[in-house]
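**Q** Turn this into a structure:
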Amino acid sequence: MTVGANTYGTVAEIQAMIGDIVASRTFSGSTVPSTTQVEAELDRVAAQLNSLLDVYGYTVPVNSTDYAAAYEALAAANNYGAAGRLLGTVPAQVYDPDEQIEESGTTRAQMYERYFNSMKSQIRKKELRAGMRQGRLSRVKSGGQEDADGNTKKPIFTRGMLDYPGTTTLTEEESDD
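**A** Modelled structure (predicted):
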């Protein structure tokens, strides 16, 4: 199995992040997690990112040449999400329940998940500079209509920001001052 075409992360990056959980620092068919599991998790996390991108109007997948910075950010999020979930395949480490942990999210898995959730938040807030698809209302314009020559006509009536509903005033061109 190989990583899908719509996946941003790579097995090599996952090995660099969490390769210490296997003796050879390299995933193979006999390690836990195996290379197949790593590739599948990368694909699942990328599908989650692409689904969210699609819902918020981005073109999916993000093009690596046109939007290199966004692509790299998504690759990092893809790797963080997959790494955090793959750390769950390792049996829990021994811990002392009486140990005082100052803040939550101190494990590597929680840290990676926090980075992944940060990217999802950026997508929801539309803070990612990437291609947006045209929706059915993308050509709707406000503020006036265009004549046959492409010139924008100014509206006859406007409403001020502090006016109460139902009041209108003539625009400056139409008033007789």
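
**Q** By residue count, what's the longest helix in the protein?
**A** helix 35-55 (DSSP state H).

**Q** Can you tell me which helices and strands it packs against?
**A** In this structure, helix 35-55 packs against helix 11-18, helix 68-86, helix 108-124, with contacts taken as 3 or more CB pairs under 8 Å, 6 or more residues apart in numbering; DSSP states H and E. Backbone N, C-alpha and C define where each C-beta goes, glycine included.

**Q** quick one: residue 61 is in a helix?
**A** No. Counting by DSSP: H, G, I helix; E, B strand; the rest coil, residue 61 is not part of a helix but coil.

**Q** excluding its backbone neighbours, what's nearest it?
**A** Of all residues not flanking residue 61 in the chain, residue 6 sits nearest, at 4.5 Å (CB to CB, 6 or more residues apart in numbering).

**Q** circling back: need the helices and strands packed on helix 35-55 in JSON lines (columns: mean neighbour count).
**A** Output for the helices and strands packed on helix 35-55, formatted as JSON lines (neighbours: other CB atoms under 10 Å):
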{"stretch": "helix 11-18", "mean neighbour count": "18"}
{"stretch": "helix 68-86", "mean neighbour count": "22"}
{"stretch": "helix 108-124", "mean neighbour count": "16"}
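
**Q** Just the buried positions in the longest helix of the chain, please.
**A** 35, 37-46, 49-50, 53 (16 or more other CB atoms under 10 Å).
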